[in-house]
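Engineer: Quick one, what's the 3D model for this:
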Amino acid sequence: MLHNLIGNTRSMIVVMAIAILASCGGGGADGGGSPGVPSGSLSVSPAALSFSGFTDTTTSPENLTISDTASNSYSWSGSIIYQSSSGWLQLNGNAIAAGQTVPAQQVSVSVDNASLPIGVHSASIVILGNGKTVTIPVSYTLTAPPITFSPLGVVQTYSPGSTTIASQQVMLILRNPQGTPASSGTVLVSNANGSQIFSGWGPGATLLSPPVPLTADAAGIVYVTVNYSLGPVVGDYTVLEAWRDTAYKTFGVTLVCADPDLSQPPACP
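Structural biologist: This next block holds a predicted model:
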């Protein structure tokens, strides 16, 4: 009788152990966990984002890929926490984003430099899913453009039969990354390839081809005189090209024919 009691007690212990393992999600061959609870892990790549750009240009967006390491499907949400400045970061063009992990989704991360001061700005993108949190640090280094034409471009008018088109002085403004004048800085300037409008430097109007290095004054300014030939017809022309470090800028002119004698048949082409 005692032997039977011990045997029954052992059987009860085994049954209880199996029940406990089942309730905890253990003992399965696939280790899948409790029904409805994914066993994978939330994955976001890359682990960090870094942007850089000039105040006068648009910075290209980057992509974040959000998925699950075991290809489990569940919802996720994304938001932004700013450490400096605010409002300059977007997820798919918005302040927040959401989706599913299957199939893996890409989130376009873009930056907006409107009204943003020069300097290094930082934020964090926080992705939540399946009870997990992944934080992606983001940095954005904004600097002044090394070169800028002033004006950026012009509309030039001439009359039919005229023998000259008024020349024009254009400024190239050179700046340090912090926005201060790049006094004594050097910029390469050239006539645009194929341009029918001739450009010159100073009173002598020497052609700037091949590219000529020009030095800025104390205010970081280089003056270039644009002299127009009689060859061009009405249309848009890229007149000057400028290089400084990795920056490249162009100066364009739109030629417009103005007929002063409206009583006669139009002479403009």
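Engineer: Just give me the neighbour total for Gln105.
Structural biologist: Applying other CB atoms under 10 Å, we find 17 residues neighbouring Gln105. Any C-beta I mention is one placed from the backbone N, CA and C, and that applies to glycine too.
Engineer: Which pLDDT does the model give it?
Structural biologist: Here, the pLDDT recorded for Gln105 equals 94.
Engineer: what's the answer for Asn130, then?
Structural biologist: Here, the pLDDT recorded for Asn130 equals 93.
Engineer: what does Gly194 give?
Structural biologist: Gly194 is given a pLDDT of 50.
Engineer: And Trp201, by the same measure?
Structural biologist: pLDDT for Trp201: 47.
Engineer: Ok, the one 3 residues further on next?
Structural biologist: Reading off the per-residue confidence, Gly204 sits at a pLDDT of 43.
Engineer: same thing with the one 5 residues further on?
Structural biologist: Looking at Ser209, its pLDDT is 62.
Engineer: With Gly99 instead?
Structural biologist: Reported pLDDT for Gly99: 96.
Engineer: in what helix or strand does it lie?
Structural biologist: strand 97-100 (DSSP states H and E).
Engineer: ditto for His121
Structural biologist: strand 119-129.
Engineer: coming back round to it: output the contacting helices and strands for the very next helix or strand once past the strand holding Gly99.
Structural biologist: With elements assigned by DSSP H and E, the helix or strand that comes after strand 97-100 is strand 105-111. Using 3 or more CB pairs under 8 Å, 6 or more residues apart in numbering; DSSP states H and E as the contact test, the elements touching strand 105-111 are strand 49-54, strand 62-68, strand 89-91, strand 97-100.
Engineer: the inter-axis angle of the second one versus strand 105-111?
Structural biologist: Comparing the axes of strand 62-68 and strand 105-111 via axes from the mean of the first three to the mean of the last three CA atoms, to 10 degrees yields an angle of 150 degrees.
Engineer: elements contacting strand 62-68?
Structural biologist: Under the contact rule (3+ CB pairs under 8 Å, 6+ apart), strand 62-68 is packed against strand 42-45, strand 49-54, strand 105-111, strand 119-129.
Engineer: Of all the ones you listed, which one is nearest Pro151?
Structural biologist: Nearest of the helices and strands packed on strand 62-68 to Pro151, taken as CB to CB: strand 49-54 at 18.1 Å.
Engineer: thinking again about what came up before, and the contacts of the helix or strand following the strand holding His121?
Structural biologist: Later in the chain than strand 119-129, the nearest helix or strand by DSSP H and E is strand 132-143. Contacts to strand 132-143, defined as CB atoms under 8 Å, 6 or more residues apart in numbering, come from residues 41-44, 46-55, 59, 64, 88-89, 109, 111, 113, 116-127, 177-179.
Engineer: what do you get if the cut-off is 6 Å, keeping everything else the same?
Structural biologist: 42, 44, 48-52, 111, 113, 116, 118, 120-127, 177 (CB atoms under 6 Å, 6 or more residues apart in numbering).
Engineer: Following element in sequence after it, please.
Structural biologist: strand 147-150.
Engineer: Pull out the buried positions in that following strand.
Structural biologist: If you call a residue buried by 16 or more other CB atoms under 10 Å, then strand 147-150 has these buried ones: 147-149.
Engineer: before we move on, the earlier item: neighbouring strands of the strand holding Gly99 in the sheet, and parallel or not?
Structural biologist: strand 75-82 (antiparallel) (DSSP bridges).
Engineer: returning to what we had before: give the buried subset of the contacts of strand 132-143 as a ChimeraX selection command.
Structural biologist: Selection of buried members from the contacts of strand 132-143 for ChimeraX, criterion 16+ other CB under 10 Å:
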select :42,44,49,51,111,113,116,118,121,123,125,127,177
